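> with the sequence up front, the predicted model follows.
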Amino acid sequence: LAVLFASIDTSAVVGAGVGVGDDTMFVLSILRDSVRVAPETFDRDLLEVLAEELDKKYANKVLPELGLCICTYDFKDVEDAVIYPSDGAAHHKVVFRMLMFRPFVGEVVVGTIIASNEDGIQVSLDFFDDMFIPSYCLPQPAEYDPRAKLWVWRFDEGEEGGVFTLHEQIRCRVDSITYTSITNTDKGRQATKTSTENSATAAKLTPMQTSSSAPDAEVPLVRQRSTSVDLSADDTSKDPPAMHIKGSVNDDGLGLVIWNWE
């Protein structure tokens with residue numbers, strides 16, 4: 001699944017979003033845009049045509065700070081059409097609600113393991129594949145089996161406790177969400193990353209420490225930070241994903257769904 005990054009004027013964002021039912025990872029964000037309705041669609045339902053055009057523009061694209069666009073949910077306002085000279089189409093200014101995928105930091109989600117390597121485990125949420133659990137966020141002690149190409153959690157004096165098998169469902173916690181926008185500048189291609197992360201996780205002294213070793217001082221639960229990376233230095237590297245989620249399973253109740261924690 002290819003997820004693109006969409007550029008949008010911040011003035012077009014009317015509302016940041018509210019949760020949808022019990023699925024808090026999905027929110028409704030209110031946006032404003034202008035939609036061109038072609039003459040050959042004048043005989044169809046206007047709202048249906050507007051929704052189709054908006055989905056063509058936004059669906060499967062990432063909006064900075066808002067999340068991954070899923071589909072147009074409904075319309076709050078549709079202004080009368082404006083027809084410009086030499087263009088027979090109708091242009092409507094609309095305010096609409098877009099269904100977005102945007103989990104919050106600390107939320108527990110269930111996905112499927114789709115890949116493993118020495119760095120960690122890649123997890124798919126069916127419609128979103130850019131979730132990764134680093135090796136230091138696995139339950140410790142854990143080690144990578146290079147022959148099976150799987151991670152193994154070992155406990156009780158080195159005995160095998162659980163194998164993170166491919167295609168198994170895994171329950172994990174969202175530790176950070178990173179949005180990346182790529183721009184072409186005079187100095188080359190630049191990637192700007194904006195991350196929202198659990199400050200307790202970020203404050204760990206070494207990667208192998210668990211969250212229980214975080215400092216006792218009171219710090220905000222979530223913090224944001226931005227960084228810039230020069231992509232022109234390495235033409236062979238892949239562009240970073242527009243939206244990336246870092247997860248963890250180093251806590252009670254997390255791990256493979258088939259594990260019995262009772």
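Looks like it arrived, so ask away. What you see is a predicted model; the values in this text were computed from it and never measured. Numbering: from 1, shown residues only.
> for the one helix or strand residue 176 maps to, buried residues please.
Here residue 176, judged by DSSP states H and E, is contained in strand 169-185. When neighbours are counted by 16 or more other Cβ atoms under 10 Å, the buried residues of strand 169-185 are found to be 170-181. For every residue, glycine as well, the C-beta is placed using N, CA and C.
> what helices or strands is the following helix or strand past that strand leaning on?
For strand 169-185, the succeeding helix or strand toward the C-terminus, using DSSP H and E, is strand 188-198. Judged by 3 or more Cβ pairs under 8 Å, 6 or more residues apart in numbering; DSSP states H and E, strand 188-198 is in contact with strand 169-185, strand 222-230.
> show me where pLDDT drops low in the stretch 51-200 of the chain?
The model of the stretch 51-200 of the chain has pLDDT under 70 over residues 156-161, 199-200.
> can you give me the helices in it?
Remark: helices assigned in the stretch 51-200 of the chain by DSSP state H, counting those that start in this stretch are 199-202.
> alpha carbons of stretch 165-184, as CSV, please.
Extracted in CSV, the C-alpha atoms of stretch 165-184 (Å, rounded to 0.1, in the frame of the first residue of the first chain):
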residue,chain,number,x,y,z
THR,A,165,5.8,-15.7,14.0
LEU,A,166,4.9,-14.2,10.7
HIS,A,167,1.2,-13.6,10.0
GLU,A,168,0.3,-13.9,13.7
GLN,A,169,-1.8,-11.1,15.2
ILE,A,170,0.1,-8.9,17.7
ARG,A,171,-1.2,-6.5,20.3
CYS,A,172,1.1,-3.5,20.6
ARG,A,173,1.2,0.1,21.9
VAL,A,174,1.7,3.2,19.8
ASP,A,175,4.9,4.9,21.1
SER,A,176,5.3,7.6,18.4
ILE,A,177,3.8,8.9,15.2
THR,A,178,6.1,10.6,12.6
TYR,A,179,4.9,12.6,9.6
THR,A,180,7.5,13.3,6.8
SER,A,181,7.2,15.8,4.0
ILE,A,182,9.7,15.9,1.2
THR,A,183,10.6,19.1,-0.6
ASN,A,184,13.1,20.1,-3.3
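> from the chain's centre, how far out does that stretch sit?
Taking the mean of its C-alpha atoms, stretch 165-184 sits 6 Å from the chain's own mean (Cα atoms, centre = their mean, to the nearest Å).
> endpoints of stretch 122-137, how far apart?
12 Å (Cα to Cα, to the nearest Å).
> neighbouring contacts of it?
Residues outside stretch 122-137 that contact it (Cβ atoms under 8 Å, 6 or more residues apart in numbering): 1, 3, 68, 70, 101, 109, 111-116, 118-121, 142, 144, 151, 170, 172, 175, 207-209, 241, 243-250.
> flag every buried residue along that stretch.
Residues 122-125, 128-133, 135-137 are the ones in stretch 122-137 that count as buried (16+ other Cβ under 10 Å).
> export those as CSV, with columns for distance to residue 24.
Below are these laid out as CSV (distance: Cβ to Cβ, whole Å):
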residue, distance to residue 24
122, 23
123, 18
124, 19
125, 14
128, 15
129, 21
130, 19
131, 16
132, 21
133, 20
135, 28
136, 27
137, 21
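> pick out the most distant pair among these.
The distance between the two most remote of the buried residues of stretch 122-137 (Cβ to Cβ) is 22.6 Å, for 128 and 136.
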